[in-house]
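**Student:** Output the structure for:
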Amino acid sequence: MTFLHLLTAMMFYLISCCFLQTPFRGVTGLVSFDENGFRKDFRLNVLELNLNKPVRKVSCCTLLTTATILADAAVTPPSPK
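**Tutor:** Model prediction:
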C-alpha cells in the first residue's frame, strides 16, 4: 500500500467516525447513524400519487415497524397490460 492510499484510507476513516457520531439536522429532520453506519431513528412516509388528486400520505413506517395503510387509502393492484 502506498503512502497516498494509506493517507486516503485514514482520511475516510476519520471522516466516517466523526460523521457517524454526529447527528445533524437534514431536510426531513434529524439524521443519525448507529455504530455500523446504518440510519437510525427515522420514519418513512408512503404517499399516494394520482393524476387528478393532490398527493396525500397513506402510511408511514419505521425501521422497527411495518407500514400500515390508512383506512381511507385507495389501494388497488395495477391492471395487467
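**Student:** who does the longest strand anywhere in the chain pair up with?
**Tutor:** Longest strand in the chain, counting residues (DSSP state E): strand 53-62. Applying DSSP bridges, strand 53-62 is found paired with strand 43-50 (antiparallel).
**Student:** how distant is the strand it pairs with from the center of its chain?
**Tutor:** 13 Å (Cα atoms, centre = their mean, to the nearest Å).
**Student:** And that strand, what's buried?
**Tutor:** Neighbour counts over strand 43-50 (16 or more other Cβ atoms under 10 Å) mark Glu48 as buried. Quick note: C-beta positions are derived from backbone N, CA and C, even for glycine.
**Student:** got the CA positions of it in CSV?
**Tutor:** Output of strand 43-50 as CSV, limited to C-alpha atoms (Å, rounded to 0.1, in the frame of the first residue of the first chain):
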residue,chain,number,x,y,z
ARG,A,43,-39.6,7.4,9.6
LEU,A,44,-40.7,6.8,6.0
ASN,A,45,-43.9,8.3,4.7
VAL,A,46,-45.8,6.4,1.9
LEU,A,47,-47.5,8.8,-0.5
GLU,A,48,-50.3,8.2,-2.9
LEU,A,49,-49.9,9.9,-6.3
ASN,A,50,-52.8,10.3,-8.6
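**Student:** could we number from 236 for the rest of this?
**Tutor:** Right, with 236 as the first residue, what we last looked at is strand 278-285.
**Student:** secondary structure class for Gly272?
**Tutor:** coil (DSSP: H, G, I helix; E, B strand; the rest coil).
**Student:** quick one, phi/psi of it?
**Tutor:** phi 90, psi 10 (degrees, to the nearest 10).
**Student:** And for Phe268?
**Tutor:** Dihedral angles (degrees, to the nearest 10) for Phe268: phi -130, psi 150.
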